[in-house]
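[1] Need a 3D model of the following:
(one chain, ligands or ions: 2)
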Amino acid sequence: MSQDSRRLRTAAVIPAAGRGVRLGPGAPKALRALGGTPMLIHAVRAMAASRAVSLVVVVAPPDGAPEVRALLDGHTFPERTELLVVPGGDTRQQSVALGLQALPDDVDVVLVHDAARPLVPVDTVDGVIAAVRAGAPAVVPALPLADTVKEVRPDPEGGQEPVVGTPERARLRAVQTPQGFDRDMLVKAHTTVTFDGEGATDDAGMVERLGAPVVVVPGHEEAFKVTRPLDLVLAEAVLARRRVTDGYA
Ligand SMILES: Nc1ccn([C@@H]2O[C@H](COP(=O)(O)OP(=O)(O)OP(=O)(O)O)[C@@H](O)[C@H]2O)c(=O)n1
Ligand SMILES: C[C@](O)(CO)[C@H](O)COP(=O)(O)O
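    Ligands and ions are numbered 1, 2, ... in the order given. Take a look at the predicted model:
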């Protein structure tokens, strides 16, 4: 991490430029309602809930930055939270890279958080930040797996897929966001590491390619990603319970 004592801010980059194809037809996923409020607003509030986060950069759908700016302006966030909006790209990796380019010089720790994980608890966010501030260049929240995982040989024609292996489950973790990074390390990964096809599916994977250490901290069940329709049902249920038990907005 930089020794420059002027670089002390923690920022969160929220890639929110995806379509949400797996969720089905409708508005871009980040703009769809959860408990009557767009998922993106929940995700921004989840980052802003950490007192350490003073800047949130939202990466909007490529043609939707003005709409997202107006959406944010119509909602309330903690006074300490500065909000920037930039247009995103064709892949998550490109969207994160565009968000990183918007960071001011005084940011030294960066969180990257999916808009599609609107309900991550603040303790998880703070745990990631604390681990980066303690010296880890890259930190991922993660949970053990409930299912056994098989490695298969995928069939592009959609036919039977033979199993080629069963990784030892005790050694596997399902990783979530926010993932936390020393800013210089993450920028280096995004400017030097290349992935084919859909790009890197997470940012820590890019840092791994640099040969730098990535450490795991405990994730949280409620930090799940809204990907398919059933996830939205679960998210609504979690939110409804929070509203009863915590007075959550
Ligand atoms: N070009 C892209 C693609 C994805 N994302 C963001 O990356 C996060 C995780 O991606 P995912 O859950 O896969 O979202 P989508 O790409 O929207 O979903 P799908 O693959 O079902 O279309 C989301 O917050 C999504 O908005 C992004 O900013 N830019
Ligand atoms: C970054 C991530 O949420 C970690 O689990 C995940 O890899 C994103 O994958 P997606 O296919 O872009 O949703």
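[2] Give me the nearest residue to the residue most central in space within the chain, chain neighbours excluded.
    Among the residues of the chain, His113 comes closest to the average C-alpha position under CA atoms, centre = their mean, at 2.2 Å. Distances taken as CB to CB, 6 or more residues apart in numbering put Pro178 closest to His113, at 3.8 Å, once the chain neighbours are dropped. For glycine as for every other residue, the C-beta is placed from the backbone atoms N, C-alpha and C.
[3] Then Ser50?
    Closest residue to Ser50 apart from its sequence neighbours, by CB to CB, 6+ apart: Val125 at 4.5 Å.
[4] Was I right to think Ser54 contacts Glu82?
    Yes: the pair formed by Ser54 and Glu82 meets the contact definition of CB atoms under 8 Å, at 6.3 Å.
[5] Those two: who's more crowded?
    Between Ser54 and Glu82, Ser54 has the larger neighbour count (other CB atoms under 10 Å), namely 18 against 14.
[6] tell me the mean pLDDT for the longest helix that the chain contains?
    Taking DSSP state H as the criterion, the chain has its longest helix at helix 229-245. Mean per-residue pLDDT for helix 229-245: 95.
[7] what does stretch 160-172 give?
    Averaged across stretch 160-172, the pLDDT comes to 97.
[8] For this structure, which segments count as helices?
    With helices called from DSSP H, the chain shows them at 39-48, 65-73, 92-101, 122-133, 183-192, 203-209, 229-245.
[9] can you pull the buried residues of the second one?
    Of the residues in helix 65-73, those buried under the neighbour-count criterion (16 or more other CB atoms under 10 Å) are 65, 68, 71-72.
[10] Report the mean confidence score over it.
    98.
[11] so, in contact with ligand 1 or not, it?
    No: with CB under 6 Å from any ligand atom as the criterion, ligand 1 is not reached by helix 65-73; the gap is at least 11.1 Å.
[12] For that helix, name the packing helices and strands.
    Here helix 65-73 touches helix 39-48, strand 53-60, strand 82-87, going by 3 or more CB pairs under 8 Å, 6 or more residues apart in numbering; DSSP states H and E.
[13] cool, and the shortest one?
    Using 3+ CB pairs under 8 Å, 6+ apart as the contact criterion, the neighbours of helix 203-209 among helices and strands are strand 138-144, strand 179-182, helix 183-192.
[14] Where does pLDDT dip in this protein?
    1-7, 249 (pLDDT under 70).
[15] How many neighbouring residues does the closest residue to ligand 1 within it have?
    Nearest residue of the chain to ligand 1 (CB to the nearest ligand atom) works out as Gly18 at 2.0 Å. When neighbours are defined as other CB under 10 Å, Gly18 has 20 of them.
[16] Hmm, it is touching Arg92, no?
    Yes: at 6.8 Å, Gly18 counts as touching Arg92 under the criterion of CB under 8 Å.
[17] which of the helices and strands packed on helix 203-209 is buried the deepest?
    For the helices and strands packed on helix 203-209, the largest average neighbour count (mean count of other CB atoms under 10 Å) is found in strand 179-182, namely a mean of 28.
[18] Please name the strands paired to that one in the sheet, noting orientation.
    Applying DSSP bridges to the sheet, strand 179-182 is found paired with strand 107-112 (antiparallel), strand 138-144 (antiparallel).
[19] The last one near ligand 2 anywhere?
    What that stands for is strand 138-144. No: if you take CB under 6 Å from any ligand atom as the test, strand 138-144 misses ligand 2, and the best it gets is 7.8 Å.
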